[in-house]
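Trainee: Could you work out the structure for the sequence below:
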Amino acid sequence: MRLNRPRIAPLADDELDADQRESLNAFFETGRVFNIFRTLAHAPKALKRFNLWGGYILSEHNALPPRERELVILRTGFLCSAGYEWAQHEVIGKRCGLTDKEIARIKDGADADGWNSEDAAMLRATDDLVRDHFISDASWSALDFLSDKAKMDLVFTVGQYTQVSMMLNSFGVQLDDGLTLDPDLTR
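Mentor: The predicted structure is shown next:
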């Protein structure tokens, strides 16, 4: 985490105006409103649009299978030093089939021992996108096992979570209760 306190505080229930409350209704229905959404509720119209796009990225409409999607999201969060993102998606990644060893190895990148060629190719493409905003020809060729739609969704996913990481880091969104900060994601 880059900040140990929020720059923009998450809104408490009693601070919400009607538009902000409406933008969080779906979360209230689930019984848990995470700090990211309470923070983004300061801009309720943006939050509604953000949730539409983020909903696509995390849905079955994304051609990346859930495990591979989470592999890419975690690598993006790690490269962006987004402790909040890492903590949330470490939990989600485990639910989607990533092992503790794989999650730890994501930090070491594509060249770490133990990745199959497909996982390594997705990690390299993620590195390219975060570092250069472009997938190199070599990395693109290594993604031949993916459909064109899946390649697009990989770019969409890295783009979404780069943006999310920028917001989390810059706004100082703090971890939700029950999550632990990975010591490798402190600056």
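
Trainee: What does the pLDDT read for the closest residue to Thr186 other than its chain neighbours?
Mentor: The spatial neighbour of Thr186 that comes closest, neighbours along the chain excluded (Cβ to Cβ, 6 or more residues apart in numbering), is Met1 at 6.0 Å. For the C-beta atoms, the positions are set from N, CA and C on the backbone; glycine is no exception. For Met1, the pLDDT comes out at 77.

Trainee: Kindly tell me how buried Met1 is, as a neighbour count.
Mentor: By other Cβ atoms under 10 Å, the residues close to Met1 number 21.

Trainee: Now do it against Gly31, distance only.
Mentor: 25 Å (Cβ to Cβ, to the nearest Å).

Trainee: Please apply the same query to Arg75.
Mentor: Per Cβ to Cβ, Arg75 is found 30 Å from Gly31.

Trainee: Quick check: the residue nearest to Thr186 touching Glu85?
Mentor: No - if you go by Cβ atoms under 8 Å, Met1 and Glu85 don't touch, sitting 10.1 Å apart.

Trainee: list residues touching both of these two?
Mentor: Contact criterion Cβ atoms under 8 Å, 6 or more residues apart in numbering; residues shared by Met1 and Glu85: none found.

Trainee: Let me see the contact set for the closest residue to Gly54 other than its chain neighbours.
Mentor: Distances taken as Cβ to Cβ, 6+ apart put Gln160 closest to Gly54, at 6.4 Å, once the chain neighbours are dropped. The contact partners of Gln160, taken as Cβ under 8 Å, 6+ apart, are 53-54, 57.

Trainee: Name the SS class of Gln160, please.
Mentor: When classified by DSSP: H, G, I helix; E, B strand; the rest coil, Gln160 comes out as helix.

Trainee: same thing with the one 4 residues further on?
Mentor: Val164 falls in the helix class when you classify it by three-state DSSP.

Trainee: roughly how far apart are it and Gly178?
Mentor: Val164 is 20 Å from Gly178, by Cβ to Cβ.

Trainee: Could you do Arg131 as well?
Mentor: Distance from Arg131 to Gly178, by Cβ to Cβ: 32 Å.

Trainee: First-to-last residue distance for stretch 102-112?
Mentor: End-to-end distance for stretch 102-112: 10 Å, by Cα to Cα, to the nearest Å.

Trainee: ok, Val173 touching Met167?
Mentor: Yes - the pair Val173 / Met167 is scored as a contact, 7.4 Å apart, by Cβ under 8 Å.

Trainee: Contacts only, for Ser147.
Mentor: Taking Cβ under 8 Å, 6+ apart as the test, what Ser147 contacts is Ala63.

Trainee: now swap in the one 10 residues further on and tell me
Mentor: When the contact criterion is Cβ under 8 Å, 6+ apart, the partners of Thr157 are 57, 62, 64, 69, 72-73, 76.
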